[in-house]
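Peer 1: got a sequence here, can you model it:
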Amino acid sequence: MHELSVAGSIIELALSSVKPGSIITKINLKVGEHAGINAGSLVFAFDVLKIDAGLSAAELAIEEVKAAFRCRRCGLEQIMEIPPDKCSCGNDSFDLSRGRESFIESLEVED
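Peer 2: All right, here's what the predicted structure looks like:
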């Protein structure tokens, strides 16, 4: 369950991004559907770790980023879970252009 180490990294990064004494109330996270992260497991791990980290008031909000594939020939980007068989230009070779990312989009903080 690598979500435990991901949750720990999120907590470390969030804490290092605010002034000492600030209270983090919400961490807004974006996670691509092909990032290999289970959102439910991540929230569970975060809820376990946040108490010892002094973030008991914090909520982890996860927004899923849909996958998108870009045609290697014409550059057309299509949002879908799996790559299409063929592009409208006839090409059958695609790159995953979105959907692997995971990052903290913003923090909500009380001073």
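Peer 1: tell me the pLDDT at the residue of the chain most remote from its centre?
Peer 2: Farthest-out residue of the chain from its mean C-alpha position, per C-alpha atoms, centre = their mean: residue 90, at 32.6 Å. At residue 90, the pLDDT value in this model is 94.
Peer 1: name the nearest residue to it, sequence neighbours excluded.
Peer 2: residue 73 (7.9 Å; C-beta to C-beta, 6 or more residues apart in numbering). To be clear about C-beta, it is placed using only N, CA and C from the backbone, and glycine gets the same treatment.
Peer 1: burial check on residue 99, number of neighbours?
Peer 2: Under the neighbour criterion other C-beta atoms under 10 Å, residue 99 is assigned a count of 19.
Peer 1: actually residue 107, not the one I wrote
Peer 2: Other residues within reach of residue 107, judged by other C-beta under 10 Å, total 17.
Peer 1: same deal with residue 83?
Peer 2: For residue 83, the tally of surrounding residues (other C-beta under 10 Å) stands at 18.
Peer 1: same question for residue 96.
Peer 2: Residues within reach of residue 96, counting by other C-beta under 10 Å, total 14.
Peer 1: Three-state assignment for it, please.
Peer 2: Classification of residue 96 by DSSP: H, G, I helix; E, B strand; the rest coil places it in strand.
Peer 1: and it, what is it in contact with?
Peer 2: By C-beta atoms under 8 Å, 6 or more residues apart in numbering, the residues touching residue 96 are 34, 67, 68, 69, 83.
Peer 1: try 6 Å
Peer 2: Applying C-beta atoms under 6 Å, 6 or more residues apart in numbering to residue 96 gives the contacts residue 69.
Peer 1: can you get me a residue count around residue 33?
Peer 2: With other C-beta under 10 Å as criterion, residue 33 counts 15.
Peer 1: check residue 62 too.
Peer 2: By the criterion of other C-beta under 10 Å, residue 62 has 17 neighbours.
Peer 1: where does the residue nearest to residue 90 sit, in terms of helix or strand?
Peer 2: Using DSSP states H and E, residue 73 sits in no helix or strand.
Peer 1: thought it was touching residue 93?
Peer 2: No: with contacts counted by C-beta atoms under 6 Å, residue 73 stays clear of residue 93, the gap being 7.2 Å.
Peer 1: having no further points to raise, I will conclude here.
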